[in-house]
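[1] Provide a 3D model corresponding to the input given below.
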Amino acid sequence: MNSFDSAFKRFIRQFWLLLILSLLCLSLLGMPKALASQSNIETQVSLGNNAGELKFFPSELEFQAGKQYKILLDNPSPVKHYFTAKDFADVSWTRKVQAGKVEVKGAIHELELKPGATAEWVLTPMKPGQYELHCSIKGHATAGMIGKITVAD
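    Presented below is the predicted three-dimensional model:
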């Protein structure tokens, strides 16, 4: 085999490798766009209740990896609460969080809801697992304001 043949084979291998890597990158760049076009599965979560109970209603949430959800949050209680689920947020693609006339985009780890407030969080969980949910206000989690988020495959 002469040096031309070996250089040509090396060129062909590099060409195919570059082509495969390019296609992979393009498919990954298109993923958020594909996720954004999915319809939302709505899930309602109340942070506390009118009686002032320190609980999430429901306290156990179940999602499926790769599906887009709209979590509708409300705080009917007389005190503010936090919806804190950092590890869950880290493995989810957040499309938006909307409260009133404000839409927030980017990394979200915790949402504060004042009494009577509502918000919606549109996201797609990407990694299966079990994740902790709690209210990070001092004393609320120890009083029972905790929950579990499960993401199935």
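[2] for the protein, what helix or strand is lowest in average pLDDT?
    When each helix and strand of the chain is scored by mean pLDDT, DSSP states H and E, helix 3-36 comes last, with a mean of 65.
[3] tell me the contacts of the most centrally placed residue in the chain?
    What sits nearest the mean C-alpha location of the chain, by CA atoms, centre = their mean, is Ser92, with 2.8 Å. Going by CB atoms under 8 Å, 6 or more residues apart in numbering, Ser92 touches 123-126. All C-beta spots, glycine's among them, are computed from the backbone N, C-alpha and C.
[4] sitting in strands, which of these do you find?
    In this view, the contacts of Ser92 that belong to strands under DSSP state E are 123-125.
[5] list the neighbouring strands of the helix or strand that contains Thr150 plus their orientation.
    Secondary-structure assignment from DSSP states H and E places Thr150 in strand 146-152. Sheet pairing of strand 146-152 (DSSP bridges) gives strand 60-64 (parallel), strand 129-134 (antiparallel).
[6] quick one: which of these is nearest Ala152?
    Of all those, strand 60-64 sits nearest to Ala152, with 5.2 Å by CB to CB.
[7] can you name the residues in contact with that closest one?
    Here strand 60-64 has contacts from 43, 45, 69, 71, 125, 133, 147-153, using CB under 8 Å, 6+ apart.
[8] where in this structure is pLDDT low?
    Low-confidence segments of the chain (pLDDT under 70): 1-4, 15, 17-38.
[9] neighbour-wise, give me the winner out of the contacts of Ser92.
    Pro125 (24 neighbours; other CB atoms under 10 Å).
[10] contacting residues around that one?
    Neighbours of Pro125 in contact, by CB under 8 Å, 6+ apart: 63-67, 69, 88, 91-92, 151.
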